[in-house]
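Peer 1: Structure for this input, please:
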Amino acid sequence: MRALIQRVKEASVEVKDEIVGEIGKGLVILLGVGEKDTEKDIKYLGNKIANLRIFEDEKGKFNLSLLDIEGEALVVSQFTLYADVRKGRRPSFTKAASPQEADALIEMFIDELKSHGIKTSKGIFGAKMLVKIFNYGPVTIFLDSSEKIRKT
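Peer 2: All right, here's what the predicted structure looks like:
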């Protein structure tokens, strides 16, 4: 499971000119699901993201987590995080999970964040979305659960 997270002042996602999800201060999580991802990946990334210290304390140091600041999360499905562009000019997405599997695991991931007490909004799986991100810092971090889970 891959997550591209961005620290934001605010963010929203629109589908057909209608806002379907929005947050204030917190994280936008662009989430890609791989063909081998399981509940273990969800638990790992959910815990990592909830507790990742990427918000500044009163001294300007990255010492506070999403939980510490009582921030929000906006989760947007992003199968293109599994793009393979090593060959040719068109990306291949063969390592991404099927839409049915991905949709179910993304919903489980959202539930995992909520279980930590994080107010969570989302986009609409499979829809053409307009994501408005006010990246603060800017701070953008890429996480891949396979780098931790499958190596231990």
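Peer 1: Am I right that residue 46 falls within a helix?
Peer 2: Yes - judged by DSSP: H, G, I helix; E, B strand; the rest coil, residue 46 forms part of a helix.
Peer 1: List the contacts of the most centrally placed residue in the chain.
Peer 2: Central residue of the chain (CA atoms, centre = their mean): residue 29, 2.3 Å from the mean position. Applying CB atoms under 8 Å, 6 or more residues apart in numbering, we find residue 29 in contact with 3-5, 49, 73-76. Just so you know, the C-beta spots here come from the backbone N, C-alpha and C atoms, and that holds for glycine as well.
Peer 1: same check, this time on residue 143
Peer 2: 2-5, 45, 48-49.
Peer 1: Give me the secondary structure label for it.
Peer 2: Per three-state DSSP, residue 143 ends up strand.
Peer 1: So what pairs up with it in the strands?
Peer 2: Per DSSP bridges, the residues bridged to residue 143 are residue 3.
Peer 1: what's the spacing between it and residue 92?
Peer 2: In this view, residue 143 and residue 92 are 22 Å apart by CB to CB, to the nearest Å.
Peer 1: circling back: with just CA atoms, put the host helix or strand of the residue nearest to the centre of the chain into CSV.
Peer 2: Here residue 29, judged by DSSP states H and E, is contained in strand 26-32. Output of strand 26-32 as CSV, limited to C-alpha atoms (Å, rounded to 0.1, in the frame of the first residue of the first chain):
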residue,chain,number,x,y,z
GLY,A,26,-4.4,18.0,8.6
LEU,A,27,-3.3,15.6,5.9
VAL,A,28,-4.4,14.7,2.4
ILE,A,29,-3.6,11.0,1.9
LEU,A,30,-3.4,9.9,-1.7
LEU,A,31,-3.7,6.2,-1.3
GLY,A,32,-2.8,3.4,-3.8
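Peer 1: For residue 75, name its beta-bridge partners.
Peer 2: residue 29, residue 122.
Peer 1: Could you double-check that it sits in contact with residue 110?
Peer 2: Yes - with contact defined as CB atoms under 8 Å, residue 75 counts as touching residue 110 (5.4 Å).
Peer 1: Now do residue 112: how many residues are near it, please.
Peer 2: Neighbourhood size, residue 112 [other CB atoms under 10 Å]: 20.
Peer 1: Please compute how far the longest helix along the chain lies from its chain's middle.
Peer 2: The single longest helix within the chain, with elements called by DSSP state H, is helix 99-115. Put simply, helix 99-115 sits 11 Å off its chain's centre (CA atoms, centre = their mean, to the nearest Å).
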